[in-house]
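# 3D model of this:
(chains A and B)
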There are 2 protein chains.
Amino acid sequence: MRLRFENIVAQLEKILLKYDCPPDKANLIATVMAENSLEGTYSHGVNRFPSLIKSIRLGHAKPKSEAALVAAFGGLESYDGNSGIGIPNAIFCTDRAIELAQRHGVGCVALRNTNHWLRAATYGYRACNAGMAAICFTNTLPNMPTWGALDCRLGNNPLVFAFPRKKGHLICDIAMSQFSYGALEVAALNKKQMPIDAGFDTAGNLTKDPGEVIKSQRILPTGYWKGAALAHLLDVFAAATALGNTTAAISEFGDNVDVSQMFIAINYRAIAPQPLSEKIIEKSVEYLLGSEEANESSSIIFTGQIALDTRNDNLKNGIPVNDNIWEEILSL
Amino acid sequence: MRLRFENIVAQLEKILLKYDCPPDKANLIATVMAENSLEGTYSHGVNRFPSLIKSIRLGHAKPKSEAALVAAFGGLESYDGNSGIGIPNAIFCTDRAIELAQRHGVGCVALRNTNHWLRAATYGYRACNAGMAAICFTNTLPNMPTWGALDCRLGNNPLVFAFPRKKGHLICDIAMSQFSYGALEVAALNKKQMPIDAGFDTAGNLTKDPGEVIKSQRILPTGYWKGAALAHLLDVFAAATALGNTTAAISEFGDNVDVSQMFIAINYRAIAPQPLSEKIIEKSVEYLLGSEEANESSSIIFTGQIALDTRNDNLKNGIPVNDNIWEEILSL
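This next block holds a predicted model:
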């Protein structure tokens, strides 16, 4: 089914209030989750709402918790998320990084003991809407083997680089696994192969077969050894700055609980007048879009373009939501 | 042949002085290039020295140029490299980011009109040695097609994430192409296949054959569409902050000339006491190294470990340098 943005927000908000979520947080969480679906990240939007309620019920995510300052030095701060819900904690820290960047040129906030922030791009867009460039990343539970390993001891630790643009922000939101388990499961259900190697089979060979990768649990890091290396770096970077949990510690919780995150905002407009930087960006986008297509079915895009196109379509025609999940949401 | 570190530095320094390089810069460049080889990045160390001299001769890299402040706001600054040699410009900006982070918690320096910095990891190690975490990146000339394209309109824009560690810093230095053209050329000469897909052949199929990729010029982005997206973001991020050239502009120069770079240093020890952060890091490295090996030939490593091992070996046994290139260097 396709639902209107406002209807989704109202429904999610109502349920969150029932689960002891303070009104301002309920509205924020509902809006962010609806926006994630609005921009086409269905796996990290409304369809994930029942999981959020489950984590509240289990006591993993505490609706009333507030992020508390741990330490501060100039444009650098760290916060304890106190096991609060991931979205309001991450929005708080993004906003704080923006404030710090307004005062200090750059703002960097490390956050510990927080929960799943859902879509990394959310925090990139938030910073861009405030006129800031941003780099944000999170660690996760172990869901990917390091290069040459059998067992999962790395998170797929999503990373976002974001740069503001008048005609639609440039957002690169990538997890350190080439595909998510969600994407593999959908393909396996539909008996489809992945377009490229998605991981290893149980015999240790690279395979496009999603079922084989689900069986071996050896999902492919983005860029093979490169994504494995970067995943470990992002994990340590966030956890050792926030004095929080690494993937090693999270592995003991059995879920994405009390993770560590990092939010960097750069007030580039303080040193680069916007008309000049916009001109540089537009020329770069034009140049890229002028590429010759490899074949009839390929289309040249820039980062963030699909989200922008999907947003416009979904605003006009409603947001696709899985029928069964919506029914489940109505029953919460 | 294998040469002592000190002998290499002395030889390169002597030549740089002949090419009008000021003494402090000559020593710095010679030391960095020898260190790149010392730590096993032979493609971006001594073997690249003849190219550097060529770019000085062509007037692309100006030995006497100094980086000059363009704009400043708190912990954020931008510099014009004035077409100086890449290494001293990048070292200057790394050091400046460190100083800014010492004062403001975070330091961010954007640099324009500079030349090839050789190895991204150099600047990560430099920051780590000063007790700082770091994120640095550069753009390059176009050498990679974007996803779905035939022609090269993206740089492979190397990116480094670095975090200090007592037993050897954690450094993740990755280009946005899965392999460098240098690596493909070496494999093609030795009639070897790459271990994984390295790009597309002229018929548009993924291939491990380095010769086919050199023919098509369609090298594979790291993580397929993901590396293509991140490459574009890094390009715009550095260029629009520094008000410098993007890959689109560099494409008109026909070489890696007047590129744009970004240096971010984070003074995490100001908010995270080192004994606590070190403990978090060691537990994470131990956990990763405890992975089960996929097969007898695989070895589990963490980021930066190979460089550390190679450094120790090369300090003891001398640094491998290509015989022909060393002869060429002696004739410069």
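
# Write out the residues of the stretch 1-150 of chain A neighbouring chain B.
With Cβ under 8 Å from any Cβ of the partner chain as the criterion, the stretch 1-150 of chain A comes near chain B at residues A:70-78, A:101, A:103-108, A:110, A:133, A:135, A:145-150. For every residue, glycine as well, the C-beta is placed using N, CA and C.

# repeat that with 10 Å
With Cβ under 10 Å from any Cβ of the partner chain as the criterion, the stretch 1-150 of chain A meets chain B at residues A:70-78, A:97, A:100-110, A:124, A:133-135, A:137, A:139, A:142, A:145-150.

# Take the residues you listed and keep only those in strands.
Of those, the ones assigned to strands by DSSP state E are A:70-73, A:76-78, A:106-110, A:133-135, A:137, A:145.

# What is the lowest-mean-pLDDT helix or strand in chain A packed up against?
None of the helices or strands of chain A scores lower by mean pLDDT, DSSP states H and E than helix A:181-189, at a mean of 89. Judged by 3 or more Cβ pairs under 10 Å, 6 or more residues apart in numbering or on different chains; DSSP states H and E, the packing partners of helix A:181-189 are helix A:210-216.

# can you give me the strands in the stretch 201-332 of chain A?
A:206-207, A:259-266, A:319-320 (DSSP state E, counting those that start in this stretch).

# Just the angle for the second one relative to strand B:259-266, thanks.
Between the direction of strand A:259-266 and that of strand B:259-266, the angle (axes from the mean of the first three to the mean of the last three Cα atoms, to 10 degrees) works out to 130 degrees.

# next one: strand A:259-266 to chain centre, how far?
Mean C-alpha position of strand A:259-266 versus that of the full chain (Cα atoms, centre = their mean, to the nearest Å) differs by 12 Å.

# Tell me the predicted confidence for A:Ala249.
Here the pLDDT value assigned to A:Ala249 is 97.

# If any of the ones in strands among the residues of the stretch 1-150 of chain A next to chain B are buried, give me the ChimeraX selection for them.
Applying 16 or more other Cβ atoms under 10 Å in any protein chain shown to those leaves a buried subset, and the ChimeraX line that selects it is:
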select /A:70,73,76,77,78,106,107,108,109,110,133,134,135,137,145
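
# any weak-confidence spans in chain A?
Residues of chain A meeting the criterion pLDDT under 70: none.

# Most tightly packed of the strands of the stretch 201-332 of chain A?
strand A:259-266 (a mean of 31; mean count of other Cβ atoms under 10 Å in any protein chain shown).

# tell me the angle of that strand relative to strand B:133-138?
Computed by the same axes, to 10 degrees, the angle separating strand A:259-266 from strand B:133-138 equals 50 degrees.

# List the strands paired with strand A:259-266, with their directions.
Note on strand A:259-266: by DSSP bridges, its sheet partners are strand A:106-114 (antiparallel), strand A:133-138 (antiparallel).

# circling back: quick one: which of the strands of the stretch 201-332 of chain A is nearest B:Gly86?
Closest to B:Gly86 of those is strand A:259-266 (Cβ to Cβ; 22.6 Å).

# Alpha carbons of the closest one, as CSV, please.
This file holds the C-alpha atoms of strand A:259-266, laid out as CSV (Å, rounded to 0.1, in the frame of the first residue of the first chain):
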residue,chain,number,x,y,z
VAL,A,259,26.6,1.1,20.4
SER,A,260,29.1,4.0,19.8
GLN,A,261,28.7,6.8,17.2
MET,A,262,30.5,9.8,15.9
PHE,A,263,29.2,13.1,14.4
ILE,A,264,31.5,15.6,12.7
ALA,A,265,30.1,18.9,11.3
ILE,A,266,32.1,21.3,9.3
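
# now the strands paired with strand A:259-266 as CSV including distance to B:Met1?
Compiled in CSV, these are given as follows (distance: least, Cβ to Cβ, whole Å):
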stretch, distance to B:Met1
strand A:106-114, 46
strand A:133-138, 42
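
# how about the helices in chain A?
Using DSSP state H, the helices of chain A run over residues A:5-18, A:23-38, A:49-57, A:86-104, A:121-129, A:181-189, A:210-216, A:225-242, A:247-250, A:274-289, A:305-317, A:323-330.

# so which of these is the most packed in?
helix A:225-242 (a mean of 28).

# With respect to B:Gly244, which of the strands of the stretch 201-332 of chain A lies nearest?
Closest to B:Gly244 of the strands of the stretch 201-332 of chain A is strand A:259-266 (Cβ to Cβ; 15.3 Å).

# Now do the closest one and helix A:121-129, the angle between them.
20 degrees.

# quick one, what contacts the nearest residue to A:Gly148 once chain neighbours are set aside?
Among residues not flanking A:Gly148 along the chain, B:Ser298 sits closest, at 3.2 Å (Cβ to Cβ, 6 or more residues apart in numbering or on different chains). If you count contacts by Cβ atoms under 10 Å, 6 or more residues apart in numbering or on different chains, B:Ser298 has them with A:146-150, A:204, B:291-292.

# Would you mind measuring from the residue lying closest to A:Asn317 once chain neighbours are set aside to chain B?
Leaving aside its chain neighbours, A:Asn317 sits nearest to A:Arg2 (5.9 Å; criterion: Cβ to Cβ, 6+ apart). In this structure, A:Arg2 and chain B are 27 Å apart, going by Cβ to the nearest Cβ, to the nearest Å.

# you'd agree A:Arg2 is up against A:Val46?
No. At 11.5 Å, A:Arg2 does not count as touching A:Val46 under the criterion of Cβ atoms under 10 Å.

# who has more neighbours, the two?
Set A:Arg2 next to A:Val46 and count neighbours by other Cβ atoms under 10 Å in any protein chain shown: A:Val46 wins out with 26 against 10.

# Leaving out sequence neighbours, find the closest residue to that one.
A:Ser37 (4.6 Å).

# surely that neighbour meets A:Ile329?
No. Taking contacts as Cβ under 10 Å, A:Ser37 lies outside contact range of A:Ile329: 11.9 Å.

# what residues do the two have in common as contacts?
A:8, A:46-47, A:49, A:321.

# gap between A:Ile329 and A:Glu6?
Going from A:Ile329 to A:Glu6 by Cβ to Cβ, to the nearest Å gives 15 Å.

# wait, A:Gly211
Counting by Cβ to Cβ - A:Gly211 and A:Glu6 are separated by 39 Å.
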